[in-house]
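Novice: sequence and predicted structure are below.
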Amino acid sequence: MISAESTRRLPRWMTSFGPQIVLALLLGVVLGTVADALGGDPDTDPNWLMTALDTIGTSYVSLLKAAVVPLIVTAVISSIANLREVSNAARLAWKTLLWFGITALIAVTVGLVLGLVVQPGAGSGAAAPAEAYTGTQGSWLGFLTGLVPANFLGLQVSSSVVDPETVQTSLGFNVLQVLVVSAAVGIAALKVGAPAEPFLAVVRAALAVVQKVVWWIIRLAPLGTLGLIGRAVFEYGWTSMGGLLAFVATVYAGLLVVAFVVYPALVKAHGLSVRQYFSGVWPAVQLGFVSRSSVGTMPLTQRVTERSLGVPRAYASFAVPLGATTKMDGCAAVYPAIAALFVAQFYGIELDVTHYVLIALVSVLGSAATAGTTGATVMLTLTLSTLGLPLDGVGLLLAVDPIIDMGRTALNVAGQALVPTIVAHREGLLDRELYDAPRSGDPFVPEDAAPEGATPEDAAPEEAAATGVR
């Protein structure tokens with residue numbers, strides 16, 4: 001076991017989270033290329049290296065998914081209950097939702113402009129394999145009925161016949177239903193008041209335990225990155241995009257414009273340092289990129305929002321979990337806008353201003369349909385069905401979805417930290433000393449080595465109140 005003293009003697013790049021992620025990403029690319037060169041089919045006849053990388057990657061994602069339900073339940077209930085400690089709680093909640101909508105509207109506008117200028121679907125030589133799509137399609141009715149939980153925990157059981165003698169049963173969950181149930185319980189506890197304090201104490205203790213487990217999982221992110229990136233390389237290859245290359249490039253261009261033009265402009269307009277914002281949020285963005293899960297990244301997003309960006313804990317514990325499940329500038333704004341235009345152009349369907357307005361409305365109002373899970377297929381089908389476009393286009397884009405999803409989730413995470421920072425600043429709650437402090441570069445740095453003024457990891461909400469929340 002490596003002692004703390006020996007760890008301090010190691011070069012910083014070997015112990016810092018960010019460099020470890022980058023190194024694992026590069027190593028994953030190399031190993032994925034080697035696995036592809038060894039031959040074999042990923043689905044029917046994988047070689048030993050393919051199997052190893054796939055096992056590492058899927059195991060890491062499974063660990064993240066296993067923590068989703070307890071994390072959402074405890075975080076949402078606790079964050080809503082914490083609103084009683086925040087002055088002008090209703091105002092903060094309203095401002096948070098307002099800025100979620102404003103940034104989503106800007107992001108979808110960027111997507112529409114790029115889709116119209118580049119026209120990635122015009123003259124495409126790709127074929128549209130409608131039969132390739134067998135997943136869940138979205139609709140407004142399905143979205144609304146999906147808000148109603150089938151049971152208290154929002155759990156779903158499905159069975160499939162593998163062979164005449166074997167039936168495979170799997171247990172899943174609807175993140176949106178879990179969110180609804182958790183929000184209802186949190187609001188009820190808030191209304192009940194003092195009698196609910198023992199219950200909330202248990203929830204807060206459970207949240208602390210769950211977060212500790214999730215931190216252990218997140219600390220394994222470099223290992224998960226190696227497996228996930230390696231699997232992506234040998235499974236999809238460098239030429240997998242083929243005729244969809246223009247679409248992939250357009251989506252990433254939109255994501256980059258929002259991340260490095262729109263977000264910095266908003267940060268600068270509020271008198272904040274753009275460099276400090278990016279240096280603070282970057283560890284969470286990296287994890288979002290490789291994990292493709294906003295909910296799985298939520299504990300790290302909340303930590304950097306509090307410790308690096310100076311958002312008070314009582315407010316961050318409400319805004320970040322809410323954003324992780326409903327604030328999706330990548331999955332629900334940029335991507336569906338460009339994808340809808342691509343499908344229309346691919347099938348030669350003319351769209352007018354009314355359709356563009358509908359795309360914007362669906363993106364702003366329907367982002368909860370993505371519910372923090374990997375992938376945005378439901379959001380895309382929701383958009384296509386609203387516009388009356390062929391749903392076969394979903395199957396057309398599935399081949400490159402994992403490649404695009406990494407960038408989408410990274411943008412989601414960046415936006416989920418941006419909005420609480422802006423709102424806290426506008427409300428006079430942001431700790432500017434902490435925001436402007438030198439970065440440690442590692443969100444896992446011990447508290448005694450953290451920048452002066454940082455909020456301790458295990459500080460009580462009352463201690464966080466010193467940052468301006470009463």
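Specialist: Sure thing, it's come through.
Novice: is it true that Arg231 touches Thr51?
Specialist: No - counting by Cβ atoms under 8 Å, Arg231 does not reach Thr51; the two are 10.1 Å apart. No exception for glycine: its C-beta is placed from N, CA and C like everyone else's.
Novice: so the residue most central in space within the chain versus Ala90, what's the distance?
Specialist: With distances taken as Cα atoms, centre = their mean, the residue of the chain nearest its centroid is Ser294 (2.0 Å). From Ser294 across to Ala90, the span is 25 Å (Cβ to Cβ, to the nearest Å).
Novice: then Lys191?
Specialist: Applying Cβ to Cβ to Lys191 and Ala90 gives a distance of 14 Å.
Novice: now do Val209
Specialist: From Val209 over to Ala90 (counting by Cβ to Cβ), the distance is 30 Å.
Novice: the two: who's more crowded?
Specialist: In terms of neighbours (other Cβ atoms under 10 Å), Val209 is the more surrounded of Val209 and Ala90; the figures are 12 against 9.
Novice: so what's the more buried one up against?
Specialist: Residues near Val209 by Cβ atoms under 8 Å, 6 or more residues apart in numbering: none.
Novice: please apply the same query to Gly323.
Specialist: Gly323 makes contacts with Thr96, Phe100, Ser294, Thr301, Gly415, Gln416, Val419, Pro420, as judged by Cβ under 8 Å, 6+ apart.
Novice: thought Ala332 was touching Met379?
Specialist: Yes - counting by Cβ under 8 Å, Met379 is a contact partner of Ala332 at 5.0 Å.
Novice: the two - which one has more neighbours?
Specialist: Ala332 (31 against 26).
Novice: quick one: that one from Val213, how far?
Specialist: From Ala332 across to Val213, the span is 28 Å (Cβ to Cβ).
Novice: what about Arg231 and Thr51, which has more around it?
Specialist: Arg231 (24 against 13).
Novice: that one: which element?
Specialist: If you go by DSSP states H and E, Arg231 is part of helix 221-236.
Novice: figure out how far that helix is from the centre of its chain.
Specialist: 18 Å (Cα atoms, centre = their mean, to the nearest Å).
Novice: outside of it, which residues touch it?
Specialist: By Cβ under 8 Å, 6+ apart, helix 221-236 touches 17, 20-21, 23-25, 27-29, 31-33, 35-36, 42, 49-50, 52-61, 63, 287, 290-291, 399-400, 402-403.
Novice: can you do 7 Å?
Specialist: For helix 221-236, contacts defined as Cβ atoms under 7 Å, 6 or more residues apart in numbering pick out 20-21, 24-25, 27-29, 31-33, 35-36, 42, 50, 53-54, 56-57, 60, 287, 290-291, 402-403.
Novice: what's the first helix or strand after that helix?
Specialist: As assigned by DSSP H and E, the chain's next helix or strand after helix 221-236 is helix 245-257.
Novice: so for that following helix, mean pLDDT?
Specialist: Helix 245-257 carries an average pLDDT of 93.
Novice: alpha carbons only: can I get the helix or strand following it in PDB?
Specialist: As assigned by DSSP H and E, the chain's next helix or strand after helix 245-257 is helix 263-269. C-alpha atoms of helix 263-269 as PDB (Å, rounded to 0.1, in the frame of the first residue of the first chain):
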ATOM      1  CA  TYR A 263     -20.200  30.000 -22.200                       C
ATOM      2  CA  PRO A 264     -17.100  32.200 -22.000                       C
ATOM      3  CA  ALA A 265     -19.200  35.100 -23.200                       C
ATOM      4  CA  LEU A 266     -21.700  34.600 -20.400                       C
ATOM      5  CA  VAL A 267     -18.900  34.200 -17.900                       C
ATOM      6  CA  LYS A 268     -17.200  37.400 -19.100                       C
ATOM      7  CA  ALA A 269     -20.500  39.300 -19.200                       C
END
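Novice: buried sites along helix 263-269?
Specialist: Residues of helix 263-269 classed as buried: Tyr263, Pro264, Leu266, Val267 (neighbour count, 16 or more other Cβ atoms under 10 Å).
Novice: any idea how many residues pack against the closest residue to the first one other than its chain neighbours?
Specialist: This points to Tyr263. Nearest non-adjacent residue to Tyr263, counting by Cβ to Cβ, 6 or more residues apart in numbering: Leu418, 5.7 Å away. A count of nearby residues for Leu418, using other Cβ under 10 Å, gives 25.
Novice: just the buried positions in the helix or strand where Leu418 lies, please.
Specialist: Assigned by DSSP H and E, Leu418 belongs to helix 401-426. Buried residues in helix 401-426, counted by 16+ other Cβ under 10 Å: 401-425.
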